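Trainee: got a predicted structure here, sequence first:
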Amino acid sequence: MIILASGSPRRRELLAQLNLDFKVQAWEIDETPLFHELPFVYVERLALQKAATALTHLGPEAVVIAADTSVAIDGQIFGKPATLDEALHMWQQLVGRTHEVWSGVAVGRQGAEPLSCTVKTLVTMATVDNATLMRYWHTGEPLGKSGGYALQGQAAAFIPKIEGSYTNVVGLPLAETLQLLIKVGAISQLF
């Protein structure tokens, strides 16, 4: 049995595209970055911590997929904005520039250390005026999204270029996740 240890509807939708039989169950962990923690270290640490937490609550037959995705620019990790002010602060750093989207993925089962990887995608955000960003905020879409935007949603209009994995930016790099599932023996082939 495959368990997606995430409450993210985007991760659930991405994994569902692969026709895998899985269930969703999420556990809360502290997602505070450590002092001077690099973005790729941060997302992998959280993915591994989520996987380890899930495995302590599940039976021996379970295979866990856990992930974390964050936006970073100039070494600064952006979480999910809870207020308009937080979103505006993030967007002021992102508009007109290229930033990184990092995901850490961990796949594991009982009795073995989870396997993990990190994936980086470069995302270029166009120059967008504050009035447009304010209207975007009021759509509700930025809530619960790292960096305060959803590439798969209305914010696609702000993103003229990505370099790397699209599914990584949405929240779960599928190619890398499948490779980890194969390595832990959860599936034997892609299709």
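Mentor: Noted; the coordinates are in hand.
Trainee: for stretch 39-52, the averaged confidence score.
Mentor: Mean per-residue pLDDT for stretch 39-52: 97.
Trainee: and that stretch, what's buried?
Mentor: Within stretch 39-52, the residues scored as buried using 16 or more other Cβ atoms under 10 Å are 39-40, 42-52. No exception for glycine: its C-beta is placed from N, CA and C like everyone else's.
Trainee: now do the helices in this structure.
Mentor: Listed in chain order, the helices of the chain (DSSP state H) span 9-16, 39-57, 84-94, 130-137, 166-170, 174-183.
Trainee: so how far is the fourth one off the chain centroid?
Mentor: Which is helix 130-137. 24 Å (Cα atoms, centre = their mean, to the nearest Å).
Trainee: neighbours of the nearest residue to residue 152 once chain neighbours are set aside, how many?
Mentor: Sequence neighbours aside, residue 170 is the residue nearest to residue 152 in space, at 5.1 Å (criterion: Cβ to Cβ, 6 or more residues apart in numbering). The number of residues packed near residue 170 is 23, by other Cβ atoms under 10 Å.
Trainee: over to the one 3 residues further on?
Mentor: Here the number of neighbours of residue 173 (other Cβ under 10 Å) works out to 28.
Trainee: with residue 23 instead?
Mentor: Using other Cβ under 10 Å, residue 23 has 9 other residues around it.
Trainee: try residue 185
Mentor: By the measure other Cβ under 10 Å, the count of residues near residue 185 is 10.
Trainee: ok, the residue nearest to it when sequence neighbours are not counted to residue 17 distance?
Mentor: Among residues not flanking residue 185 along the chain, residue 109 sits closest, at 7.8 Å (Cβ to Cβ, 6+ apart). The gap separating residue 109 from residue 17 is 23 Å, by Cβ to Cβ, to the nearest Å.
Trainee: more neighbours, the two?
Mentor: Neighbours per residue, other Cβ under 10 Å: of residue 109 and residue 17, the larger number sits with residue 109, 19 against 10.
Trainee: please name the residues that touch the more buried one.
Mentor: The neighbourhood of residue 109, defined by Cβ atoms under 8 Å, 6 or more residues apart in numbering, consists of 55, 60, 62-64, 184-186.
Trainee: how confident is the prediction for it, by pLDDT?
Mentor: Model confidence at residue 109 (pLDDT) stands at 93.
Trainee: what do you get for residue 160?
Mentor: pLDDT, read off for residue 160, is 97.
Trainee: may I have the phi/psi pair for it?
Mentor: phi -80, psi -20 (degrees, to the nearest 10).
Trainee: where does the closest residue to residue 155 other than its chain neighbours land on pLDDT?
Mentor: The shortest distance from residue 155 to any non-neighbouring residue, by Cβ to Cβ, 6+ apart, is to residue 149 (3.8 Å). Residue 149 is assigned 96 on the pLDDT scale.
Trainee: and for residue 190?
Mentor: With respect to pLDDT, residue 190 has a value of 66.
Trainee: please renumber so the chain begins at 102
Mentor: Sure, I'll start numbering at 102, so the last one becomes residue 291.
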